[in-house]
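**Q** what shape does this take:
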Amino acid sequence: MTDIAVRIDRLGPGGQPWDTEEELRSLLRWLRADESLHGTMTVVAAPSAPPVPDAMGAGGFDILQLAVTSGFSAAALAVSILQWKSSTRGSTRVRVRRGDIEVELTGELASDEEVRRVIRLLDGQVPGQVPETAPAAATGTVTAAPTAPADGGDDHPA
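**A** Below is the predicted model:
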């Protein structure tokens, strides 16, 4: 099994980081309900950092960890996340990390080739290659979005 981490970032009033735990819970429910993903992954909410020694309480979580099987489809995951994102309000950034590759899924339109490149990266079909649009850092960030508006609405996949 391969691990994928999904993180949500959102800035509140004044540019301050927003607590995204409720959005992660919503995305967790969405991914678990998506029939195109059934049997291809296990999704759990987790903290991104280890617990602080001598601290009280378990704290919240700030990432979703996905353990994926050989039948996993990065395309199905990307479509599901983008459908969830289109059904929510606000300027939420969703970042998906698999190994050294991190992809940011936005609500802006992307070309078909950009979407295909993101899916290839998440599927691991371009090993060791950092995207052209990435900064000169060890990890690249690619921005992707659906090529057509998704049918949004409630808290369930279409």
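
**Q** quick check: buried residues in stretch 31-39?
**A** By 16 or more other CB atoms under 10 Å, the buried positions in stretch 31-39 come out as 31, 34, 37. The C-beta positions use only the backbone N, C-alpha and C, and glycine is treated the same way.

**Q** quick one: end-to-end distance for that stretch.
**A** End-to-end distance of stretch 31-39 (CA to CA, to the nearest Å): 12 Å.

**Q** what pLDDT, on average, does it get?
**A** Average pLDDT, stretch 31-39: 93.

**Q** report the helix or strand with the lowest average pLDDT across this structure.
**A** Every helix and strand of the chain was ranked by mean pLDDT, DSSP states H and E. The lowest is strand 141-144, at a mean of 48.

**Q** just checking, what packs against the lengthiest strand in the chain?
**A** As assigned by DSSP state E, the longest strand anywhere in the chain is strand 2-10. Contacts defined by 3 or more CB pairs under 8 Å, 6 or more residues apart in numbering; DSSP states H and E place strand 2-10 against helix 21-33, strand 63-68, strand 92-98.

**Q** report the inter-axis angle for that strand versus strand 92-98.
**A** Taking axes from the mean of the first three to the mean of the last three CA atoms, to 10 degrees, one finds that strand 2-10 is oriented at 160 degrees with respect to strand 92-98.

**Q** quick one: average confidence on strand 2-10?
**A** 83.

**Q** could I have it exported to PDB, CA atoms only?
**A** Extracted in PDB, the C-alpha atoms of strand 2-10 (Å, rounded to 0.1, in the frame of the first residue of the first chain):
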ATOM      1  CA  THR A   2       1.100   3.600  -0.700                       C
ATOM      2  CA  ASP A   3       0.300   6.500   1.500                       C
ATOM      3  CA  ILE A   4      -1.100   9.800   0.400                       C
ATOM      4  CA  ALA A   5      -1.600  12.800   2.700                       C
ATOM      5  CA  VAL A   6      -4.400  15.400   2.000                       C
ATOM      6  CA  ARG A   7      -4.200  18.800   3.800                       C
ATOM      7  CA  ILE A   8      -6.600  21.700   3.700                       C
ATOM      8  CA  ASP A   9      -5.400  25.300   4.200                       C
ATOM      9  CA  ARG A  10      -7.700  28.200   4.600                       C
END
